[in-house]
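Engineer: Need coordinates for the below:
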Amino acid sequence: MSFAESMEQLKNFDVNDIDFEKIGIWPVPAKIFVAVLLIAVVFAATYYVWIKDLNMQLDTIVKKEATLKETYRKKSFEAANLDAYRAQMVEMKSTFDSLLSRLPTDTEVPGLLEDIDTRGSESGLTINSIKLEAERTAEYYIELPISIDVEGGYHDLGGFVSGVAGMPRIVTLHDYSITRKKDSAELAMKISAKTYRYKSQEQ
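Structural biologist: Reported below is the predicted structural model:
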């Protein structure tokens, strides 16, 4: 069958006459068209599935890339400032060691109580009692509360508080109460002092 005859058959071909059971007698151009259409559908379906999968992979890679970029940015910043970090660590260790040296050890606590008693006497106070209370353990340190009961003049009490706060060892003052003694110009002060001991890993 010549090409001209095939085209003539295609012109006379009615879409309503399509019968897939008789595809063998279709005009050649119709067969070619259907074949091309089927190939196009197969390629389109394959392309869609393939592209969809590639897009999912691309999204995953893009997200991973963003995470890696952020990690790289942080690492590069840390690397660029490594010397500064090391210097800061040395300074922090020096400060920590300095503060640690100001905390009394077990053997130094009696001497600390004597120093507080001395500050009271130097301020002209009457020392009723200086008593070490039960230790309180925190996460990184051990708190040593000290109950102080003294009597004296207003300015004497101020000098005592100032003297205790200025001691070489770290001592903080809390929860004070001051009352006037009956038939006297003197004041009675009860105050809680706290010092601290570093909690080692063994403890």
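Engineer: which residues of this protein fall in strands?
Structural biologist: 126-132, 136-137, 141-152, 171-180, 187-198 (DSSP state E).
Engineer: would you turn those into a markdown table with distance to Val36?
Structural biologist: Heads up, the C-betas are built off the backbone N, CA and C, glycines and all. Below are the strands of the chain laid out as a markdown table (distance: least, CB to CB, whole Å):
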| stretch | distance to Val36 |
| --- | --- |
| strand 126-132 | 100 |
| strand 136-137 | 85 |
| strand 141-152 | 84 |
| strand 171-180 | 91 |
| strand 187-198 | 85 |
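Engineer: Relative to Val62, how far out is the spatially most central residue of the chain?
Structural biologist: Closest residue to the average C-alpha location of the chain: Lys74 at 14.9 Å, with CA atoms, centre = their mean. Remark: distance between Lys74 and Val62 (CB to CB, to the nearest Å) = 19 Å.
Engineer: and what of Val42?
Structural biologist: Val42 sits 30 Å away from Val62, taking CB to CB as the criterion.
Engineer: mind checking which helix or strand of the chain has the lowest mean pLDDT?
Structural biologist: Least confident element among the helices and strands of the chain, by mean pLDDT, DSSP states H and E: helix 3-11 (a mean of 51).
Engineer: what's near enough to touch Gly158?
Structural biologist: The neighbourhood of Gly158, defined by CB atoms under 8 Å, 6 or more residues apart in numbering, contains no residues.
Engineer: which stretches of the chain aren't confidently modelled?
Structural biologist: Scanning the chain for pLDDT under 70 picks out 1-31, 100-107, 200-203.
Engineer: how about 90 then?
Structural biologist: Counting by pLDDT under 90, the chain has low-confidence residues at 1-115, 132, 135-144, 164-172, 175-176, 180-186, 194-203.
Engineer: Which residue ranges of it form helices?
Structural biologist: Here the chain has its helices, by DSSP state H, at 3-11, 28-80, 82-101, 109-122, 154-165.
Engineer: Gly152: neighbour count?
Structural biologist: 20 (other CB atoms under 10 Å).
Engineer: Contacts only, for Gln57.
Structural biologist: Counting by CB under 8 Å, 6+ apart, Gln57 has no contacts.
Engineer: Okay, it and Thr67: tell me how far apart.
Structural biologist: Using CB to CB, Gln57 is found at 16 Å from Thr67.
Engineer: for Ala80, same thing?
Structural biologist: 20 Å.
Engineer: related to what we said a few turns ago, redo the helices of the chain as TSV? Include distance to Ala185.
Structural biologist: Output for those, formatted as TSV (distance: least, CB to CB, whole Å):
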stretch	distance to Ala185
helix 3-11	128
helix 28-80	65
helix 82-101	40
helix 109-122	18
helix 154-165	9
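Engineer: do you know which of those lies nearest Asn128?
Structural biologist: helix 109-122 (9.7 Å; CB to CB).
Engineer: Pull out the CA atoms of the closest one and give them to me as CSV.
Structural biologist: Extracted in CSV, the C-alpha atoms of helix 109-122 (Å, rounded to 0.1, in the frame of the first residue of the first chain):
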residue,chain,number,x,y,z
VAL,A,109,36.8,25.5,109.4
PRO,A,110,37.8,25.7,113.1
GLY,A,111,40.2,28.5,112.1
LEU,A,112,37.4,30.3,110.2
LEU,A,113,35.3,30.2,113.4
GLU,A,114,38.1,31.7,115.4
ASP,A,115,38.6,34.4,112.8
ILE,A,116,34.9,35.3,113.1
ASP,A,117,35.2,35.4,116.8
THR,A,118,38.2,37.7,116.5
ARG,A,119,36.3,40.1,114.2
GLY,A,120,33.6,40.2,116.9
SER,A,121,36.0,41.0,119.7
GLU,A,122,37.9,43.6,117.6
